[in-house]
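just to be clear, the model below is a prediction. Sequence and coordinates:
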Amino acid sequence: MGIPVAIEVTRALGLDQYVILHKTPKIHLADAVAEPVRSITTDADQRLLFDRARIGDVAGRRIAIVDDVISTGASTGAALRLLRSVDANVVAIGTLVTEGSLWRSSLGVDAQRVHALGSIPVFRPDGAGAFVEDWVG
């Protein structure tokens, strides 16, 4: 879901280049740079994959990470580790919305790099069949 957002952010900033980090294996990613991740949306162990052929596009360059939602910070943290492992300089993290605030502790000092259009709570069962807002998450 973050790919269309990243494409439009790139266009809006007048930039002509973006790279994609994948969670699903693709044939061209057989030799990808990989970083383990377990996100809230899948609740399963996965790998974040980056095409080795694109390392030259990010190594030594200032880049921004763009995603649709940041909830626990797991995917964003994996993206940070992966991109830094290929010498990218992450200067900003953009997202449509943040969910709860667990991501802040997960990202540590990198949480200050996050810029969101809005924030939403995590909804938890209240034990009586309804849901309540949880801003901590």
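Received, thanks. Numbers count the residues shown, from 1 in each chain.

mind telling me what element the spatially most central residue of the chain is part of?
Nearest residue to the geometric centre of the chain (CA atoms, centre = their mean): residue 76, 3.4 Å. Per DSSP states H and E: residue 76 is located in helix 74-85.

for that helix, packing partners?
Judged by 3 or more CB pairs under 8 Å, 6 or more residues apart in numbering; DSSP states H and E, helix 74-85 is in contact with strand 33-38, strand 45-50, strand 62-70, strand 89-99, helix 102-107. The way it works is simple: take the backbone N, C-alpha and C, and place the C-beta from them, glycine included.

quick check: angle from the first one to strand 45-50?
Direction vectors for strand 33-38 and strand 45-50, defined by axes from the mean of the first three to the mean of the last three CA atoms, to 10 degrees, enclose an angle of 150 degrees.

give me the distance from strand 33-38 to the chain's centre.
Centroid separation for strand 33-38 versus its chain: 12 Å, with CA atoms, centre = their mean, to the nearest Å.

who's in contact with it?
Here strand 33-38 makes contact (CB atoms under 8 Å, 6 or more residues apart in numbering) with 23, 44-52, 55, 74-75, 77-79, 81-82, 85-86.

ChimeraX command to pick out the buried ones of those residues?
Per 16 or more other CB atoms under 10 Å, the buried members of those correspond to this ChimeraX selection:
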select :46,47,48,49,50,51,55,74,75,77,78,79,82,86
